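K.L.:
Need a 3D model of the following:
(one chain, ligands or ions: 3)
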Amino acid sequence: MQKIVDEIVKWLQERVEEAGLNGLLVGVSGGLDSAVVAHLIQRAFPDNSLGVMLPLNTKLRDMDHANKVIERSGINDVTIDLTEPHEAMYSSISKQLKQGNAFNEESDQLAGANLRARLRMSTLYTLSAHYNYLVVGTDNVSEWYTGYFTKYGDGGVDILPLLEFTKQEVREMGEFLGVHPDILGKKPSADLWEGQTDEDEMGTTYDKIDAYLKGEEIPEEDKKIIEDMHKRTTHKREPLPHFHRS
Ligand SMILES: Nc1ncnc2c1ncn2[C@@H]1O[C@H](COP(=O)(O)OP(=O)(O)OC[C@H]2O[C@@H]([n+]3cccc(C(=O)O)c3)[C@H](O)[C@@H]2O)[C@@H](O)[C@H]1O
Ligand SMILES: Nc1ncnc2c1ncn2[C@@H]1O[C@H](COP(=O)(O)OP(=O)(O)OP(=O)(O)O)[C@@H](O)[C@H]1O
Ligand SMILES: [Mg+2]
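P.N.:
Ligands and ions are numbered 1, 2, ... in the order given. Below you'll find the predicted structure:
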């Protein structure tokens, strides 16, 4: 694990040098993926890395976990509360839709949820321009393959150090880096709505996705869910379709 960590740290340093910028930042949620990235970028740039906490009706437990990440990694930090901006933007869009089309709490849950991820992205890029830092993404291969991220939200980043690692490998890296056991053991969640967990929403588990990606046999129904997700989200992984002049 030491070798992989050293290689990622060097790769991060090279990306910053190549870009001619000063350092790196990441959104710290209190979840595992961003915890691992926070530790890695702190190692790459001890004085020029930033963990950004962006609560949005965030539960105390997750704030506590995010603070543990900041403490244990030793990364510089900033907190910007997005609860009010999200409420203002969501209700304003809803009000200005034509009558009868206004957002409905239930059916537009996903629209409001994805707006959270995109507000976080906008905030990270505002800080990125201020500090001259690259925005580091946290996607692992399991999320990437299934497209389980918001296009231009948490998927809107500059570089992806964990893209070739499964969720289980990210957990092992977290153990090695000294991520708090409460974070290593908790259920992955996008926290886009109350009680959301990745595995409930997807209808399959990271263990099954990881096994599928390693070419192992998994139950037919899980295989179908994974393949359907992959197909439906192809557009998120491809270059933008554009019209070709004849
Ligand atoms: N074929 C196509 N070609 C080009 N573009 C296409 C398209 N189909 C849809 N689109 C566009 O894509 C949009 C839908 O994609 P998107 O906006 O991403 O939304 P969508 O994939 O519907 O939802 C995002 C999913 O990622 C999950 N998520 C989000 C954020 C963080 C995490 C986490 O793990 O932390 C998880 C979230 O819970 C949800 O299940 C459509 O509104 C449309 O604009
Ligand atoms: N409250 C938050 N503050 C700052 N960044 C956030 C917040 N919520 C989500 N993010 C960003 O969005 C990314 C995607 O969330 P995701 O849930 O996939 O990762 P995670 O929370 O780090 O790990 P896990 O998947 O185990 O919950 C996070 O890694 C983080 O960079
Ligand atoms: Mg999470």
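K.L.:
Stretch 106-122 near ligand 3 at all?
P.N.:
No. Taking Cβ under 5 Å from the ion as the criterion, stretch 106-122 and ligand 3 are apart, separated by no less than 10.7 Å. Any C-beta I mention is one placed from the backbone N, CA and C, and that applies to glycine too.
K.L.:
Just the buried positions in that stretch, please.
P.N.:
112-121 (16 or more other Cβ atoms under 10 Å).
K.L.:
Tell me which of those residues fall in helices.
P.N.:
Judged by DSSP state H, those include 112-121 as members of helices.
K.L.:
can you put those in TSV and add distance to ligand 1?
P.N.:
Compiled in TSV, these are given as follows (distance: Cβ to the nearest ligand atom, whole Å):
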residue	distance to ligand 1
112	11
113	6
114	5
115	9
116	8
117	4
118	8
119	12
120	9
121	10
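K.L.:
Nearest to residue 180, out of the buried residues of stretch 106-122: which one, please.
P.N.:
residue 120 (22.1 Å; Cβ to Cβ).
K.L.:
Apart from its chain neighbours, what residue comes closest to that closest one?
P.N.:
Closest residue to residue 120 apart from its sequence neighbours, by Cβ to Cβ, 6 or more residues apart in numbering: residue 54 at 4.9 Å.
K.L.:
How about residue 95?
P.N.:
Leaving aside its sequence neighbours, residue 95 sits nearest to residue 102 (Cβ to Cβ, 6+ apart; 6.7 Å).
K.L.:
got the residues of this protein near ligand 1?
P.N.:
Contact residues, the chain versus ligand 1 (Cβ under 6 Å from any ligand atom): 110, 113-114, 117, 143, 148-151, 153-154, 190, 192, 198, 201, 235.
K.L.:
ok, which stretches of the chain are strands?
P.N.:
In the chain, the strands defined using DSSP state E lie at 23-27, 49-53, 76-79, 133-135.
K.L.:
Out of these, which is closest to ligand 3?
P.N.:
Ligand 3 lies closest to strand 23-27 among these, at 9.9 Å (Cβ to the ion).
K.L.:
what about the residue of the chain found nearest ligand 2, neighbour count?
P.N.:
Here the chain gets closest to ligand 2 at one residue, residue 31, 2.1 Å apart by Cβ to the nearest ligand atom. The tally of other residues near residue 31 (other Cβ atoms under 10 Å) stands at 22.
K.L.:
Quickly note the distance from it to residue 102.
P.N.:
32 Å (Cβ to Cβ, to the nearest Å).
K.L.:
rewinding a little: wait, the residue nearest to residue 95 sits on residue 91?
P.N.:
No. If you go by Cβ atoms under 8 Å, residue 102 and residue 91 don't touch, sitting 9.3 Å apart.
K.L.:
and the residue found closest to residue 93 once you drop the neighbours it is linked to in the chain, what does it touch?
P.N.:
Sequence neighbours aside, residue 103 is the residue nearest to residue 93 in space, at 7.3 Å (criterion: Cβ to Cβ, 6+ apart). Residues near residue 103 by Cβ atoms under 8 Å, 6 or more residues apart in numbering: 90, 93-94, 97, 111-112.
K.L.:
Name the nearest of the residues you listed relative to ligand 3.
P.N.:
For the contacts of residue 103, the nearest to ligand 3 is residue 112 (17.0 Å; Cβ to the ion).
K.L.:
Quick check: that closest one touching residue 90?
P.N.:
Yes. Contact criterion Cβ under 8 Å: residue 112 and residue 90 qualify, at 5.3 Å.
K.L.:
Identify the residues contacting stretch 2-19?
P.N.:
22-24, 40-41, 43-45, 134, 136, 158-159, 161, 173, 176-177.
K.L.:
Please narrow those residues to those residing in helices.
P.N.:
Those of these lying in helices (DSSP H): 40-41, 43-44, 173, 176-177.
K.L.:
and this structure, which residues reach ligand 3?
P.N.:
29, 31, 189.
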